[in-house]
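> sequence and predicted structure, then a few things I'm wondering about:
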Amino acid sequence: MNLVTISTFFSRKLKMKHLVILINSLARDEEGAALVEYGLLVALIALACVAAATLLGNNISLLFNNLAGKFL
């Protein structure tokens, strides 16, 4: 082995070591999981609001129309 191939070997080995460290740190990082959980919570709350507005929409509209008729 000449000097160039030895330095190339160690350079690749160091890059691989850094890549392994990066992958391990990403595997242990749990912030992404928390973000996904918050996203699911927001989606569930939005779905509940849409369902409530759909189910109660006509009743609320009638209530406001009756109230408006009493003040006019």
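Cool, the structure landed. Numbering: from 1, shown residues only.
> give the residue spans of this protein that score low on pLDDT.
Along the chain, segments meeting pLDDT under 70 span 1-14, 26-32.
> give the next helix or strand downstream of the helix or strand containing Ile23.
Using DSSP states H and E, Ile23 falls within helix 3-28. Next in sequence after helix 3-28, counting helices and strands by DSSP H and E, comes helix 31-71.
> now that next one: how far from the chain's centre is it?
Chain-centre distance of helix 31-71: 21 Å, with Cα atoms, centre = their mean, to the nearest Å.
> could you number the chain from 336 rather than 1 from now on?
Sure, I'll start numbering at 336, so the last one becomes helix 366-406.
> so which other helices or strands are in contact with that helix?
Applying 3 or more Cβ pairs under 8 Å, 6 or more residues apart in numbering; DSSP states H and E, we find helix 366-406 packed against no helix or strand. (Glycine included, C-beta is placed from N, CA and C.)
> any idea how far Val377 is from the residue nearest the centre of the chain?
The centre of the chain sits closest to Val371, judged by Cα atoms, centre = their mean, with a distance of 3.6 Å. Using Cβ to Cβ, to the nearest Å, Val371 is found at 11 Å from Val377.
> and Gly404, by the same measure?
The gap separating Gly404 from Val377 is 38 Å, by Cβ to Cβ.
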